[in-house]
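Novice: Provided below are the primary sequence and the corresponding predicted coordinates.
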Amino acid sequence: MDENVLKAIAKWPNVPAVYGWLSLDRRGQWYIKGDRITNALVNGFIGRNYAADALGRWFFQNGPQRVYVRLEYTPYVFFAEHADGQHALTTHTGVPANQIREALIDENGALVLRTDIGVGVVCDRDLPMLAEALMNDSGRPVDDSDMANLLQGGEQRLYLASGIHRLLVTVAASSELPRRFAYQTDPRPAPGEPEC
């Protein structure tokens, strides 16, 4: 977190939190009260001061005040780049993910990754780039029939090439992800917690 934010927390430790104002969409865009935040400096400030509490509620620490974030899907949105023959992932907050630990596809075909920094959905615009890293049992690139077979519960297994490793891609219902990865999509105050 920014140094000035940490100083503000120390100076005013008991400022009530804000709920329901800030949200994150599936493409990594911030919204305040439904209006997209387009200012790059504001987006950068939010991203540098974005974290989660022990209850799995993600927030932006705005000086001494926590502003809890409503998540459209996952806490992170990953953007993919092709660099040095490898796929590089960066979060919507600008933090690189160095290791993919788990790969899932939901019922709508969204690719969700658990990485060394947390769980996130791959931005739909970047899925075609990562699709070339998906392969079937025989090692050939995945096609539409492979994907349909997987999503319909068939025996087809798919893998995501990640560096020198191949990760098995599993299917998970989107509704299961918050519980599975311990995050809240619509944070609310804990009992007795004051709010603004």
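Specialist: Sure thing, it's come through. Residues are numbered from 1 along each chain as shown.

Novice: How is the protein divided into domains?
Specialist: 3-71, 76-177 (automatic domain parsing).

Novice: just so I know, which of the ones you listed lies nearest residue 188?
Specialist: Residue 188 lies closest to domain 3-71 among the domains of the chain, at 6.4 Å (Cβ to Cβ). (C-beta placed from N, C-alpha, C; glycine too.)

Novice: quick one: low-confidence ranges for this structure?
Specialist: Low-confidence segments of the chain, defined by pLDDT under 70, are located at 8-9, 11-12, 85.

Novice: how about the helices of it, start to end?
Specialist: Counting by DSSP state H, the segments of the chain that form helices are 3-11, 40-48, 127-131, 144-151, 177-180.

Novice: now for the domains of the chain, which one comes closest to residue 195?
Specialist: Judged by Cβ to Cβ, the one of these that comes nearest to residue 195 is domain 3-71, at 5.3 Å.

Novice: can you pull up the bridge partners for the most centrally placed residue in the chain?
Specialist: Centre of the chain computed as the mean C-alpha position; nearest residue by Cα atoms, centre = their mean is residue 76, 1.9 Å away. Under the criterion DSSP bridges, residue 76 forms beta bridges with residue 120.

Novice: Distance to residue 183 for the domains of the chain - can I get that in JSON lines?
Specialist: Converted to JSON lines, the domains of the chain look like this (distance: least, Cβ to Cβ, whole Å):
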{"stretch": "domain 3-71", "distance to residue 183": "4"}
{"stretch": "domain 76-177", "distance to residue 183": "7"}
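
Novice: I'd say the residue nearest to the centre of the chain and residue 92 touch.
Specialist: Yes - under the criterion of Cβ atoms under 8 Å, residue 76 is in contact with residue 92, at a separation of 6.5 Å.

Novice: residues shared between the contacts of the two?
Specialist: The contact sets of residue 76 and residue 92 overlap at residue 120 (Cβ atoms under 8 Å, 6 or more residues apart in numbering).

Novice: quick one, what contacts residue 76?
Specialist: The contact partners of residue 76, by Cβ under 8 Å, 6+ apart, come to 91-93, 97, 117-121.

Novice: Next up, the contacts around the nearest residue to residue 110 once chain neighbours are set aside.
Specialist: The shortest distance from residue 110 to any residue other than its chain neighbours is 5.4 Å, reached at residue 121 (Cβ to Cβ, 6 or more residues apart in numbering). Neighbouring residues of residue 121 by Cβ under 8 Å, 6+ apart: 26, 73-74, 76-78, 110-113.

Novice: how many other residues sit next to residue 127?
Specialist: The local packing of residue 127 (other Cβ atoms under 10 Å) involves 15 other residues.

Novice: same check, this time on residue 93
Specialist: With neighbours defined by other Cβ under 10 Å, the count for residue 93 comes to 19.

Novice: Relative to residue 113, how far out is the residue lying closest to it once chain neighbours are set aside?
Specialist: For residue 93, ignoring the flanking residues on the chain, the nearest one in space by Cβ to Cβ, 6+ apart is residue 47 at 3.4 Å. Residue 47 sits 18 Å away from residue 113, taking Cβ to Cβ, to the nearest Å as the criterion.
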